[in-house]
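Asker: Let me see the structure of the following:
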Amino acid sequence: MFENLTEKLTGIFQRLSGKGRLTDKDIDEALRQVRLSLLEADVNFKVARDFVAQVRERALGSDVLESLTPGQQVIKIVYEELTSLLTGADHKLTPSSRPPTVLLLAGLQGSGKTTTAAKLALHLRRQGQRSLLIAADLRRPAAILQLETLGKQLDVPVYSEEPQSSSAVQVSRAGVKRAEQLGVNWAIIDTGGRLHIDDDLMEELEAIKSAVSPHEILLVIDAMTGQDAVNAAQEFHKRVSLTGLIVSKLDGDARGGAALSVTRVTGVPIKYVGVGERPDGLEPFYPDRMASRILAMGDVLTLIEKAQQAVDEKEAKELERKFRQANFDLEDFLKQIQNLKKMGSLSQIMEMVPGFNRLSKRLPNADLEEGQIKRVEAIIRSMTPQERHNPDMLNGSRRRRIALGSGTTAQEVNQLLNQFRQTQKMLRQLSRTRNPRSLMNMFR
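Answerer: Predicted coordinates for the structure are as follows:
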């Protein structure tokens with residue numbers, strides 16, 4: 001989502017870093033470009049203005065202008081101010097001392113509340129906490145069925161009632177009582193979508209709040225709706241006193257300014273971000289990590305956390321042993337592809353690699369396509385276990401059979417095998433090499 005903003009900001013800072021010394025004029029011109037980039041990314045005008053003013057005040061100090069690396073000092077200031085811009089109150093959920101903790105989800109129509117409720121239940125379960133999903137959206141056709149289906153897929157209980165004989169307030173109250181009976185940690189209430197200018201629906205939300213006294217009231221906002229999402233968040237906060245925000249569809253191709261503006265405008269912290277349609281596509285929000293991604297500095301901590309979730313420790317040790325002994329085969333390669341897919345899309349993972357924004361411009365587009373990974377996976381799956389363990393046995397007829405079975409060409413099969421042999425050769429060299437200088441020469 002922040003790809004265009006990241007590209008423009010990194011271009012501005014590269015020009016600054018190329019100068020030995022900076023003048024007031026250099027900083028003013030750079031910050032003018034920063035302000036334009038923020039406005040083009042749909043950041044709130046006042047937020048962009050105040051942000052640039054803060055950076056300018058700090059950047060014109062003698063510590064920067066007289067520094068040996070003034071460009072790097074400016075980047076450091078921008079990073080710190082961007083982190084401050086994204087920082088609200090507590091960005092973590094606050095559980096009640098007496099379970100269940102009641103969590104109320106609200107938002108506009110189509111913001112992704114129902115899928116977010118299920119994602120949140122899965123996220124909490126991975127932390128060892130059980131949840132009950134409460135279907136209090138009685139207006140949208142099939143909303144109850146959608147939540148029940150998601151609950152069944154994730155093995156999370158769902159409380160629901162017939163919409164003809166109940167109300168959202170009654171369902172919410174009865175659902176919380178059911179959560180108490182089940183002894184779960186969280187009661188997550190999925191309410192219906194509503195416009196913030198619709199008094200009747202906003203009064204219903206206020207009535208639900210009064211009936212169940214939620215500990216957390218989270219507004220789900222669609223990152224692709226721009227400044228309208230910020231305006232809606234302001235009005236919801238006035239009516240029901242939000243404790244946090246969940247920004248959905250952050251993996252979309254919109255400009256993303258709403259995510260940068262909403263906390264500063266409303267004073268409400270972002271607690272989670274949605275990064276895909278998959279049930280595990282929900283991430284805790286960390287202001288410093290998001291600022292680092294936007295400035296193309298990567299997000300190594302989140303990358304490590306995702307890898308720890310996707311890779312089994314025993315399997316990782318076995319793979320390390322195979323690397324050391326140069327026994328890595330196509331079966332192992334297939335497992336690594338599957339682990340990579342568990343971590344999210346390739347583009348999301350690459351965003352977390354420091355400096356990848358600049359490196360990606362030098363790589364062929366085919367190397368970054370999700371379809372390329374799927375083709376590689378299809379080719380390996382079309383091999384027998386024996387062929388995966390011993391690729392040298394793949395003669396011409398076997399390769400034609402694999403190409404036919406995977407829907408690819410013999411040329412693509414040959415290309416994969418050649419690349420794999422090069423990888424094996426490199427691993428053998430690594431396993432035999434102990435001299436650091438020799439290791440460096442291998443990658444030149």
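
Asker: Name the residues of stretch 218-236 that come out as buried.
Answerer: By neighbour count with 16 or more other CB atoms under 10 Å, stretch 218-236 contains the buried residues 218-227, 229-234, 236. For every residue, glycine as well, the C-beta is placed using N, CA and C.

Asker: what does the average pLDDT come to for it?
Answerer: Across stretch 218-236, pLDDT averages out at 86.

Asker: How far does it stretch from one end to the other?
Answerer: Across stretch 218-236, the terminal residues are separated by 10 Å (CA to CA, to the nearest Å).

Asker: With stretch 132-141 instead?
Answerer: Stretch 132-141 has its terminal residues 21 Å apart, counting by CA to CA.

Asker: What residues of that stretch count as buried?
Answerer: Neighbour counts over stretch 132-141 (16+ other CB under 10 Å) mark L132, L133, I134, A135, A136, D137, L138 as buried.

Asker: Any stretches of the stretch 1-150 of the chain with poor pLDDT?
Answerer: 1-2, 18-20, 62-69 (pLDDT under 70).

Asker: my guess is A259 contacts A223, does it?
Answerer: Yes. The pair A259 / A223 is scored as a contact, 5.3 Å apart, by CB atoms under 8 Å.

Asker: Now the residue nearest to the spatial centre of the chain: phi and psi?
Answerer: The chain has V275 as the residue nearest its centroid, 4.1 Å off, counting by CA atoms, centre = their mean. The phi and psi values for V275, taken as degrees, to the nearest 10, are phi -130, psi 40.

Asker: How is this protein divided into domains?
Answerer: As assigned by automatic domain parsing, the chain contains the domains 3-86, 101-296, 303-442.

Asker: about what we covered before: take the buried residues of stretch 132-141 and keep only those in helices.
Answerer: In helices, judged by DSSP state H, none of those are found.

Asker: Any chance of these in CSV with distance to G281 as columns?
Answerer: Listed next are these as CSV, based on distance: CB to CB, whole Å:
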residue, distance to G281
L132, 21
L133, 17
I134, 22
A135, 21
A136, 23
D137, 20
L138, 26
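
Asker: Just the closest of the residues you listed to L205, please.
Answerer: Among those, A136 lies closest to L205 (CB to CB), at 10.0 Å.

Asker: got the contact list for that closest one?
Answerer: A168, V171, S172, G175, I189, D190, T191, G192, I208 (CB atoms under 8 Å, 6 or more residues apart in numbering).

Asker: just to revisit the earlier point, which member of the buried residues of stretch 132-141 is positioned nearest F45?
Answerer: Nearest member of these to F45, counting by CB to CB, is D137, at 34.6 Å.

Asker: so what's L5 closest to, chain neighbours aside?
Answerer: Leaving aside its sequence neighbours, L5 sits nearest to A41 (CB to CB, 6 or more residues apart in numbering; 4.3 Å).

Asker: same thing with L417?
Answerer: Closest to L417 by CB to CB, 6+ apart is P391, at 5.8 Å.

Asker: Let me see the confidence value for the one you found.
Answerer: In this model, P391 carries a pLDDT of 87.

Asker: wait, doesn't it sit right on L330?
Answerer: Yes. The criterion here is CB under 8 Å, and P391 meets it with L330 at 5.8 Å.

Asker: what is in contact with those two at once?
Answerer: The contact sets of P391 and L330 overlap at F420 (CB under 8 Å, 6+ apart).

Asker: Please say which of the two ends up with more neighbours.
Answerer: L330 (22 against 18; other CB atoms under 10 Å).

Asker: I'd say H196 and D228 touch.
Answerer: No. Using CB under 8 Å, H196 makes no contact with D228, being 9.7 Å away.

Asker: Okay, buried residues for stretch 274-283 please.
Answerer: By 16+ other CB under 10 Å, the buried positions in stretch 274-283 come out as G274, V275, G276, P279, D280, G281, L282, E283.

Asker: Could you find the lowest-pLDDT member of these?
Answerer: Ranking the buried residues of stretch 274-283 by pLDDT, G276 lands last with 77.

Asker: Return the distance of that one relative to E148.
Answerer: Computed as CB to CB, to the nearest Å, the G276 to E148 distance reads 22 Å.

Asker: contacting residues for the residue nearest to L417?
Answerer: D329, L330, L417, F420, R421.

Asker: quick one: the second one and R421 touch, right?
Answerer: No. Distance between L330 and R421: 10.8 Å, which falls outside the contact criterion (CB under 8 Å).

Asker: can you give me the helices in the stretch 1-150 of the chain?
Answerer: Taking DSSP state H, counting those that start in this stretch as the criterion, the stretch 1-150 of the chain carries its helices at 3-17, 24-40, 45-59, 62-65, 70-86, 113-125, 143-154.

Asker: Could you identify which of those is most buried?
Answerer: Ranked by mean neighbour count, the helices of the stretch 1-150 of the chain are led by helix 113-125 with a mean of 23 (mean count of other CB atoms under 10 Å).

Asker: mind pulling up the phi and psi values for the nearest residue to D222 once chain neighbours are set aside?
Answerer: What sits nearest to D222 in space, not counting adjacent residues and going by CB to CB, 6+ apart, is S111, at 4.5 Å. Backbone torsions of S111, given as degrees, to the nearest 10, read phi -80, psi -10.

Asker: give the contact list for S111.
Answerer: G193, V220, I221, D222, T225, S248.

Asker: circling back: most neighbours among the contacts of P391, please name it.
Answerer: With neighbours taken as other CB under 10 Å, the top of the contacts of P391 is L330, carrying 22 neighbours.

Asker: Look up phi and psi at the nearest residue to that one once chain neighbours are set aside.
Answerer: Spatially, and ignoring its direct neighbours in sequence, L330 is nearest to R388 (4.1 Å; CB to CB, 6+ apart). The phi and psi values for R388, taken as degrees, to the nearest 10, are phi -70, psi -40.

Asker: Would you agree R388 is in contact with F328?
Answerer: No. Applying CB under 8 Å, one finds R388 not in contact with F328, separated by 11.4 Å.

Asker: what sits against L60?
Answerer: By CB under 8 Å, 6+ apart, the residues touching L60 are D24, I27.

Asker: quick one: the residue lying closest to E204 once chain neighbours are set aside from E203, how far?
Answerer: In this structure, E204 finds its nearest non-sequential neighbour in A168, 6.0 Å apart by CB to CB, 6+ apart. Note on A168: its distance to E203, by CB to CB, is 11 Å.

Asker: Nice, that's everything, thank you.
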